[in-house]
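Asker: Turn this into a model:
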Amino acid sequence: MKTIKPPAVAGLFYPAEAETLRQQVKGYIAAAQTLSPTPPKALIAPHAGYIYSGPIAGTAYASLQNAADQIHRVILLAPAHRVAFRGIAYSSASHFQTPLGILPVDTALLEGLLHLAQLHQNDAAFAEEHSVEVHLPFLQETLDSFTILPLLVGDADAEEVAEILELTWNEQENLIVISSDLSHYLDYEAATEMDLATSRAIESLQPGALTYHSACGRIPVSGLLLVAKRHHLTGRTVDLRNSGDTAGSHDRVVGYGAYVFN
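Answerer: The predicted structure follows:
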């Protein structure tokens, strides 16, 4: 039976009208011109309202423009903001909806992971969460036919994330997307300094250099860095800005980075 997770932040974090949303996402991607000669294995991209982080997310997703017909499954890990829980949560929904249409959850892939103790169903955690949802329109505009496996990371550790990634790693058609903003509510200069340090840690695949204040998605980011290092991937920063650069004041900013792993 089809069960659909409706959008929670359409009209808040991004436009609720389909054509307006489509044109906005296309604009962010077109402005980026971040092509990748080979399909990325993983991305890190931000999850704030599009007016703030959309241009940076667009830079990450622009790297998929030559891979639309090669990626057929997206494993998306994001930090939970609304509900506190232990471990890593999945939704019981068979599909996730945005104004651009519905996306099927890869239930077969999910079933193959359910033996992991850290993984459990938690629909309440997904109900009002934005950190997964804001990525879906970007995926819908850059890929062709694909399924998703959206997971929310609560009180977990990097190895628990890495264990999931390892079990999904070897399929060439899989893309990993990690949802994370960077520093929160520092002044512009302090945020710039911290976000540069975070970017250096990401590029050098050093999760131990990340602190609680580095990124709200520190745990899923750290899990990706562990696996990327084991598989000899290279990470590069393709965009690094903050809300002071896009749509906010310089007094209290949030940092946004876009990273591509090949």
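Asker: could you pull out the helices for the stretch 101-250 of the chain?
Answerer: Secondary structure of the stretch 101-250 of the chain by DSSP state H, counting those that start in this stretch: the helices cover 107-111, 123-127, 136-142, 158-168, 188-203, 218-230, 243-246.
Asker: Could you measure from the most centrally placed residue in the chain over to Ala117?
Answerer: The C-alpha lying nearest the average C-alpha coordinate of the chain belongs to Ser179 (CA atoms, centre = their mean; 2.5 Å). Distance, Ser179 to Ala117, by CB to CB, to the nearest Å: 23 Å. C-betas here are computed from N, CA, C, even on glycine.
Asker: partners of the residue nearest to the centre of the chain in the sheet?
Answerer: Judged by DSSP bridges, the bridge partners of Ser179 are Ala45.
Asker: what's near enough to touch it?
Answerer: Applying CB atoms under 8 Å, 6 or more residues apart in numbering, we find Ser179 in contact with 44-47, 76-79, 131-132, 134-135, 217, 220.
Asker: Next one: it, what pLDDT does it get?
Answerer: On the pLDDT scale, Ser179 is placed at 98.
Asker: before we move on, what about Phe126?
Answerer: In this model, Phe126 carries a pLDDT of 98.
Asker: Model confidence for the nearest residue to it once chain neighbours are set aside, exactly?
Answerer: Nearest in space to Phe126, with sequence neighbours left out and distances taken as CB to CB, 6 or more residues apart in numbering, is Ser91 at 4.5 Å. pLDDT recorded at Ser91 is 98.
Asker: what about Ser91, distance to Asp123?
Answerer: 6 Å.
Asker: What of Leu43?
Answerer: 26 Å.
Asker: Same drill for these two, tell me which one is more crowded.
Answerer: Leu43 (28 against 14; other CB atoms under 10 Å).
Asker: Heading C-terminal from the strand or helix carrying that one, find the next helix or strand.
Answerer: Element membership of Leu43 [criterion: DSSP states H and E] is strand 42-45. Going down the chain from strand 42-45, the next helix or strand is helix 50-62, by DSSP H and E.
Asker: Mind exporting the C-alpha coordinates of that next one to CSV?
Answerer: Taking C-alpha atoms only, helix 50-62 is exported to CSV below (Å, rounded to 0.1, in the frame of the first residue of the first chain):
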residue,chain,number,x,y,z
TYR,A,50,16.4,28.4,0.0
ILE,A,51,16.8,32.2,0.2
TYR,A,52,19.7,31.6,2.6
SER,A,53,21.4,28.3,1.4
GLY,A,54,19.8,27.6,-2.0
PRO,A,55,22.7,29.0,-4.0
ILE,A,56,25.2,26.9,-2.1
ALA,A,57,23.1,23.7,-2.4
GLY,A,58,22.8,24.5,-6.1
THR,A,59,26.6,24.4,-6.4
ALA,A,60,26.7,20.9,-4.9
TYR,A,61,23.9,19.6,-7.1
ALA,A,62,25.3,21.2,-10.2
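Asker: That one packs against which elements?
Answerer: With contacts defined as 3 or more CB pairs under 8 Å, 6 or more residues apart in numbering; DSSP states H and E, helix 50-62 has these neighbours: helix 18-32, strand 42-45, helix 136-142, strand 235-242, helix 243-246, strand 253-261.
Asker: what pLDDT, on average, does the third one get?
Answerer: Per-residue pLDDT values over helix 136-142 give a mean of 97.
Asker: which residues touch Pro7?
Answerer: 16, 97-99, 133.
Asker: Report whether the expected contact of Ile4 with Thr98 is present.
Answerer: No - the pair Ile4 / Thr98 is not scored as a contact, 10.8 Å apart, by CB atoms under 8 Å.
Asker: and the closest residue to Tyr52 other than its chain neighbours, how many neighbours?
Answerer: Leaving out its chain neighbours, the residue that sits closest to Tyr52 by CB to CB, 6+ apart is Ser243, at 4.7 Å. Residue crowding around Ser243 was assessed by other CB under 10 Å; the count is 25.
Asker: Give me the local confidence score for Ser243.
Answerer: For Ser243, pLDDT reads 98.
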